[in-house]
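>>> take this sequence and fold it.
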Amino acid sequence: MVGLPEGVDHAHVSRPEIDLPPGTDDRSDKVYTQGRENFKSLLREAPLTPNDR
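Here you go, the predicted structure:
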């Protein structure tokens, strides 16, 4: 299994509310927008590559 590069954390994609102020509604548009931006950043920092298995 290949891990993510140091400093790249998938939690910011799966739980984008951690990047927003406390009390932000976890179903608000802001959370979904933040998640999308975090996913784009993850793809830039750790691009997906085919598995040779």
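>>> what strand or helix carries the residue positioned nearest the centre of the chain?
Closest to where the C-alpha atoms of the chain average out (C-alpha atoms, centre = their mean) is residue 13, at 2.2 Å. Per DSSP states H and E, residue 13 falls inside helix 11-14.
>>> list of residues touching that helix?
With C-beta atoms under 8 Å, 6 or more residues apart in numbering as the contact definition, helix 11-14 has outside contacts at 18, 19, 35, 38, 39, 41, 42. In short, each C-beta sits where N, CA and C put it, glycine included.
>>> now the fourth one: how far from residue 50?
What it means is residue 38. The spacing between residue 38 and residue 50, counted by C-beta to C-beta, to the nearest Å, is 23 Å.
>>> those two: who's more crowded?
Neighbour totals were compared for residue 38 and residue 50, and residue 38 leads with 20 against 5 (other C-beta atoms under 10 Å).
>>> what residues sit buried inside the host helix or strand of that one?
Secondary structure here is read from DSSP H and E; on that basis residue 38 sits in helix 29-45. Applying a neighbour-count criterion of 16 or more other C-beta atoms under 10 Å, one finds 30, 31, 34, 35, 38, 42 buried in helix 29-45.
>>> CA-only coordinates of it in PDB, if you can.
Included here for helix 29-45 are C-alpha records, laid out as PDB according to Å, rounded to 0.1, in the frame of the first residue of the first chain:
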ATOM      1  CA  ASP A  29     -22.800  25.000   1.100                       C
ATOM      2  CA  LYS A  30     -19.600  26.300   2.600                       C
ATOM      3  CA  VAL A  31     -18.700  22.800   3.800                       C
ATOM      4  CA  TYR A  32     -19.300  21.200   0.400                       C
ATOM      5  CA  THR A  33     -17.400  24.000  -1.400                       C
ATOM      6  CA  GLN A  34     -14.500  23.600   1.100                       C
ATOM      7  CA  GLY A  35     -14.500  19.800   0.500                       C
ATOM      8  CA  ARG A  36     -14.400  20.300  -3.300                       C
ATOM      9  CA  GLU A  37     -11.400  22.700  -3.000                       C
ATOM     10  CA  ASN A  38      -9.600  20.300  -0.600                       C
ATOM     11  CA  PHE A  39     -10.200  17.400  -3.000                       C
ATOM     12  CA  LYS A  40      -8.700  19.500  -5.900                       C
ATOM     13  CA  SER A  41      -5.700  20.200  -3.700                       C
ATOM     14  CA  LEU A  42      -5.300  16.600  -2.800                       C
ATOM     15  CA  LEU A  43      -5.200  15.600  -6.500                       C
ATOM     16  CA  ARG A  44      -2.500  18.300  -7.100                       C
ATOM     17  CA  GLU A  45      -0.400  17.200  -4.200                       C
END
